[in-house]
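# got a predicted model here, sequence first, then my questions.
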Amino acid sequence: MNSPYILEPRLDRNSFFQHWGAAAGISLLVATAAVSPFFFLGTASGHDIAFHMASWLDVSGQWKQGILLPRWAEWPNYGFGEARFIFYPPLSWLFGAFLGTLIPWNAVAAVFIVCVQTFAGLSAYTLLRRLYGGSRWALLLGAACFTANPYALVIIYTRSDFAELLAVAIFPLLFLTALQLCDCTRPGEARRFPGVVAFAVTFCAVWLSNAPAAVIATYSAAFLFVFKSLQARSPRPAWRGALAMLLGFGLAGFYLVPAIYEQRWVNIAGALAGGLTPADNFLYARTTDAEHDAFNRVASNIAVLLFLWAAAATLSAWRKTRQPAEPQEALNTLAPLATLTAVAMLLMLPLTTLLWRFLPELRFVQFPWRWMSVVALCATVVMSATAQGKLKWVWLLVAVLGIVASGRYLVKHTWWDTEDMPTLQAAFEDGSGFEGTDEYDPTGDDHTDLPQKAPRASFLDNAREIAAPARQSIFIDHWTAEHRSLRVTTPTGGQVAVRLLDYPAWHVGVNGHQVAPRHAEGTQQMVIPVASGKSKIEIQFERTLDRTIGGWISVMSALGSIGVWFWQKRVRNATATAA
């Protein structure tokens with residue numbers, strides 16, 4: 001059964017551009033307003049800002065070396081590197097690096113946010129048009145609200161998690177394609193993409209943006225599929241959803257397979273250390289860290305505001321469905337979204353501790369309040385269903401007050417700085433690098449013991465202290481993120497310490513023969529034994545088998561998607577001809 005709100009008429013070309021032009025203009029205006037404090041206070045210096053800015057700079061530098069899709073980050077751990085780009089999804093750092101090639105680096109953060117949140121508004125507009133059609137006022141209000149929803153403001157002002165912001169911007173399209181698979185959109189609509197393929201593409205895009213948000217998206221979509229199957233008393237939504245998810249995982253295989261397999265090569269447990277566990281981040285949780293608790297209160301207050309917003313929208317929509325003029329089938333769309341909102345709120349509370357402990361990968365979401373992303377979207381969708389008549393002015397007032405109050409509150413509770421990017425740029429230019437990440441540190445390494453200003457290569461004596469005897473020399477012929485070539489001369493043989501952490505993907509050769517590097521005490525710094533005389537050392541970051549398998553899975557999934565698209569198109573054409 002289909003929602004009665006789906007009444008969207010077909011648009012001619014002029015009307016089409018008027019609708020989308022208005023949506024784009026309002027989304028851009030609201031996104032620009034969201035970053036307006038940047039013009040006066042500097043850049044919002046959230047928790048993850050250095051991580052993302054450093055990644056943008058690292059990727060940009062590797063592009064200049066001819067490496068289009070970086071896998072090894074060159075400058076973490078003060079130049080010793082880490083496998084950051086194996087594990088962190090690529091879309092955000094590729095987009096940030098791209099912006100850095102076009103505009104000054106100091107402006108990249110603000111422009112990134114404006115671009116992503118404008119896209120968020122447009123994707124929300126797309127979802128609402130396909131679900132409700134009807135009043136353009138309601139659609140534009142929904143697009144504006146999602147562009148500057150309170151959780152997006154939390155990310156923009158206090159988190160600076162640009163990857164999660166990008167993933168959340170895709171959520172409306174993911175929910176739209178999920179609801180299409182459940183037959184909840186306009187009946188008989190002509191789809192340019194078959195439902196399974198459309199969901200798989202958006203699902204893949206979320207996974208290639210941010211892993212914690214992707215885990216949330218996976219559980220949310222699965223919930224919608226199961227709920228609709230139970231509601232319709234048919235397994236169709238569930239099996240179609242499972243097929244679409246499988247295809248989406250396949251499309252993202254080039255990232256997911258290495259990221260999953262190579263976790264054994266790094267200290268991945270570091271992602272859940274030092275106050276990063278779900279138990280430490282439930283709403284209003286208390287720990288021994290006062291600064292952590294202060295931020296958690298901020299996030300918790302925003303979560304409560306969003307829940308009240310969603311609850312008011314749900315109550316208004318439910319009352320609308322009780323009216324005699326409104327068909328009861330409206331609940332088919334509203335019920336799963338309202339129930340998902342309730343589940344998301346429960347997952348922010350300690351009573352769901354067992355779920356966080358035992359559900360696959362859920363603990364790597366780290367912060368239960370991240371489920372605000374789902375609450376914000378559901379609140380926007382349900383609110384837009386009732387933003388008609390006199391209620392549209394009520395919702396406009398509620399939206400303005402809620403968003404402006406959230407913005408002012410968050411602006412006062414964040415740190416503003418103008419030196420984040422210049423400081424990182426200086427660290428890149430002088431070759432000193434920056435701090436590494438606990439969870440991407442190779443197994444056996446303690447990156448806190450690595451020297452901050454180590455030479456690219458040096459000799460070690462038997463005591464593993466840097467030495468420089470006469471007639472020993474090191475010449476560096478080539479030095480990039482994924483390839484290092486050195487010529488070494490020593491009359492007595494010895495060991496060469498390279499400013500590089502050992503990792504299974506590195507292939508080390510001395511005079512054409514593969515050798516196993518040794519390690520400096522307490523770390524995984526690469527130490528290469530050489531014989532007396534002249535030696536040629538080649539160090540290459542190789543494509544491992546898991547990366548090859550993941551790449552082929554993505555290729556085969558893409559070919560399968562194209563095949564399904566052409567097959568569906570042929571079936572539609574044949575049906576139209578027969579009619």
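That came through fine.
# setting aside sequence neighbours, what's the nearest residue to residue 253?
residue 553 (3.3 Å; CB to CB, 6 or more residues apart in numbering). The way it works is simple: take the backbone N, C-alpha and C, and place the C-beta from them, glycine included.
# from memory residue 202 sits against residue 174, does it?
Yes. Contact criterion CB atoms under 8 Å: residue 202 and residue 174 qualify, at 4.6 Å.
# which helix or strand lies directly C-terminal to the helix or strand hosting residue 375?
If you go by DSSP states H and E, residue 375 is part of helix 372-386. Note on helix 372-386: by DSSP H and E, the next helix or strand toward the C-terminus is helix 391-412.
# for that following helix, buried residues please.
If you call a residue buried by 16 or more other CB atoms under 10 Å, then helix 391-412 has these buried ones: 392, 395, 398, 399, 402, 403, 406, 407, 409, 410, 411.
# got the angle between that helix and helix 372-386?
Put simply, helix 391-412 runs at 160 degrees to helix 372-386, going by axes from the mean of the first three to the mean of the last three CA atoms, to 10 degrees.
# who does the helix or strand just after helix 391-412 pair up with?
Next along the chain after helix 391-412, taking DSSP H and E as the criterion, comes strand 416-417. Under the criterion DSSP bridges, strand 416-417 sits next to strand 43-44 (antiparallel) in its sheet.
# in this protein, which residue is closest to the centre?
The centroid of the chain falls nearest to residue 210 when counting by CA atoms, centre = their mean (1.9 Å).
# what stretches of the stretch 1-150 of the chain score poorly on pLDDT?
Scanning the stretch 1-150 of the chain for pLDDT under 70 picks out the ranges 1-17, 133-134.
# contact partners for residue 33?
With contact taken as CB atoms under 8 Å, 6 or more residues apart in numbering, residue 33 is in contact with residue 148.
# do you know how far it is from residue 396?
According to CB to CB, to the nearest Å, residue 33 and residue 396 sit 15 Å apart.
# could you do residue 265 as well?
53 Å.
# Three-state assignment for the residue lying closest to residue 373 once chain neighbours are set aside, please.
Residue nearest to residue 373 in three dimensions, not counting chain neighbours: residue 168, with 4.6 Å by CB to CB, 6+ apart. When classified by DSSP: H, G, I helix; E, B strand; the rest coil, residue 168 comes out as helix.
# then the one 5 residues further on?
Local secondary structure at residue 173 is given as helix here, using three-state DSSP.
# isn't it up against residue 128?
No. Contact criterion CB under 8 Å: residue 173 and residue 128 do not qualify, at 11.7 Å.
# neighbour count: those two, which is higher?
Ranked by neighbour count (other CB atoms under 10 Å), residue 173 and residue 128 place residue 128 first, with 30 against 23.
# chain center to stretch 298-314, what's the gap?
Centroid displacement of stretch 298-314 relative to its chain, using CA atoms, centre = their mean, to the nearest Å, is 23 Å.
# can I get the CA coordinates of it in PDB?
C-alpha atoms of stretch 298-314 as PDB (Å, rounded to 0.1, in the frame of the first residue of the first chain):
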ATOM      1  CA  VAL A 298      26.300  19.800  24.900                       C
ATOM      2  CA  ALA A 299      25.600  16.800  22.500                       C
ATOM      3  CA  SER A 300      23.000  15.500  24.900                       C
ATOM      4  CA  ASN A 301      21.100  18.800  25.100                       C
ATOM      5  CA  ILE A 302      21.000  18.900  21.300                       C
ATOM      6  CA  ALA A 303      19.700  15.300  21.200                       C
ATOM      7  CA  VAL A 304      16.900  16.100  23.500                       C
ATOM      8  CA  LEU A 305      15.900  19.100  21.400                       C
ATOM      9  CA  LEU A 306      15.900  16.900  18.300                       C
ATOM     10  CA  PHE A 307      13.800  14.300  20.000                       C
ATOM     11  CA  LEU A 308      11.200  16.900  21.100                       C
ATOM     12  CA  TRP A 309      11.100  18.200  17.500                       C
ATOM     13  CA  ALA A 310      10.600  14.700  16.100                       C
ATOM     14  CA  ALA A 311       8.000  13.800  18.800                       C
ATOM     15  CA  ALA A 312       6.000  17.000  18.000                       C
ATOM     16  CA  ALA A 313       6.200  16.300  14.300                       C
ATOM     17  CA  THR A 314       5.100  12.700  14.800                       C
END
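# what residues does that stretch touch?
So stretch 298-314 is contacted by 149-151, 153-154, 158, 283-284, 334, 338, 341, 345, 348, 367, 369, 372, 375-376, 378-379, 382-383, 385-386, 398, 402, 405-406, 409-410, 413 (CB under 8 Å, 6+ apart).
# name the residues of that stretch that are buried.
Neighbour counts over stretch 298-314 (16+ other CB under 10 Å) mark 298-303, 305-307, 309-314 as buried.
# which SS class is residue 539?
At residue 539 the chain is in strand, as set by three-state DSSP.
# for this protein, give me the ranges with low pLDDT.
Judged by pLDDT under 70, the chain has its weakly predicted residues at 1-17, 133-134, 184-194, 322-332, 461-470, 571-579.
# so which residues of it form strands?
Using DSSP state E, the strands of the chain run over residues 43-44, 416-417, 457-460, 473-479, 483-490, 494-501, 506-510, 513-514, 518-519, 525-530, 533-541.
# can I get the ones you listed in TSV with distance to residue 111?
Compiled in TSV, the strands of the chain are given as follows (distance: least, CB to CB, whole Å):
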stretch	distance to residue 111
strand 43-44	11
strand 416-417	17
strand 457-460	39
strand 473-479	32
strand 483-490	32
strand 494-501	33
strand 506-510	36
strand 513-514	46
strand 518-519	42
strand 525-530	38
strand 533-541	31
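# now those as CSV including mean neighbour count and distance to residue 75?
Listed next are the strands of the chain as CSV, based on neighbours: other CB atoms under 10 Å; distance: least, CB to CB, whole Å:
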stretch, mean neighbour count, distance to residue 75
strand 43-44, 25, 20
strand 416-417, 14, 20
strand 457-460, 18, 17
strand 473-479, 13, 13
strand 483-490, 18, 14
strand 494-501, 23, 11
strand 506-510, 17, 17
strand 513-514, 8, 27
strand 518-519, 16, 21
strand 525-530, 21, 16
strand 533-541, 17, 15
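# ok, which of those comes nearest residue 98?
Closest approach to residue 98 among those is made by strand 43-44 (18.8 Å; CB to CB).
# contacts for the closest one?
37-38, 49, 106, 109-110, 156-158, 160, 414-418, 420-421.
# quick one: buried ones out of the residues you listed?
So, by 16+ other CB under 10 Å, the buried ones in these are 37-38, 49, 106, 109-110, 156-158, 160, 414-415, 420-421.
# who's residue 82 bridged to?
In this entry, residue 82 is beta-bridged to residue 73, by DSSP bridges.
# can you name the residues that contact it?
Residue 82 neighbours (CB under 8 Å, 6+ apart): 72, 73, 76, 266, 436, 437, 440, 441, 442, 447, 501.
# which residues does the last one bridge with?
Residue 501 has these beta-bridge partners by DSSP bridges: residue 525.
# please tell me how far it sits from residue 87.
With CB to CB as the criterion, residue 501 and residue 87 are 14 Å apart.
# got it, and the third one?
Using CB to CB, one gets 12 Å for the distance from residue 76 to residue 87.
# settle it for me: which of these two has more neighbours?
Between residue 76 and residue 87, residue 76 has the larger neighbour count (other CB under 10 Å), namely 25 against 22.
# pretty sure the residue nearest to residue 373 contacts residue 156?
No. With contact defined as CB under 8 Å, residue 168 and residue 156 do not form a contacting pair (11.0 Å).
# contacting residues for residue 99?
Applying CB under 8 Å, 6+ apart to residue 99 gives the contacts 56, 108, 111, 112, 115.
# apologies, that question was intended for residue 264.
Contacts for residue 264 (CB under 8 Å, 6+ apart) come out as residue 443.
# and the longest helix anywhere in the chain, what does it pack onto?
Taking DSSP state H as the criterion, the chain has its longest helix at helix 545-578. With contacts taken as 3 or more CB pairs under 8 Å, 6 or more residues apart in numbering; DSSP states H and E, helix 545-578 sits against helix 195-207, helix 236-251, helix 253-261.
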